[in-house]
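**Q** Give me the fold of what follows.
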Amino acid sequence: MKTSELREKSVEELAALLDEKQLDAFRLRMAKATGQLGNTHEIKANRRTIAKILTLLNEKQRGDA
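**A** Down below sits the predicted model:
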């Protein structure tokens, strides 16, 4: 997900998306542990999306945006 798309979302939408992505991260970790994950690059992409969301949430809460 692009940062420009995330910037357009409200704090509530970002918080909901963060919950969803953290659940996805858990599912990806479990799939990797059981050997069912074929595309391991999804873990890295998901982690980076979570980091982007957290960064934007912090910016919006501080009032920088």
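**Q** so how many other residues sit close to residue 59?
**A** 12 (other CB atoms under 10 Å). Using the backbone N, CA and C atoms, a C-beta is placed for each residue, glycine as well.
**Q** same thing with the one 4 residues further on?
**A** Counted with other CB under 10 Å, the burial measure for residue 63 works out to 6 neighbours.
**Q** May I see the buried residues of the lowest-mean-pLDDT helix or strand in the chain?
**A** When the helices and strands of the chain are compared on mean pLDDT, DSSP states H and E, helix 3-7 comes out lowest with a mean of 92. Within helix 3-7, the residues that count as buried by 16 or more other CB atoms under 10 Å are residue 6.
**Q** Check stretch 13-27 too.
**A** Buried residues in stretch 13-27 (16+ other CB under 10 Å): 14, 17-18, 21, 25.
**Q** Let me see the confidence value for residue 1.
**A** Note for residue 1: predicted pLDDT of 79.
**Q** Show me which positions of the strand or helix carrying residue 44 end up buried.
**A** Using DSSP states H and E, residue 44 falls within helix 41-62. Judged by neighbour count (16+ other CB under 10 Å), helix 41-62 contains these buried residues: 42-43, 46, 49-50, 52-53, 56-57.
**Q** could I get these as CSV with distance to residue 32?
**A** Below are these laid out as CSV (distance: CB to CB, whole Å):
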residue, distance to residue 32
42, 9
43, 7
46, 11
49, 17
50, 16
52, 22
53, 21
56, 27
57, 27
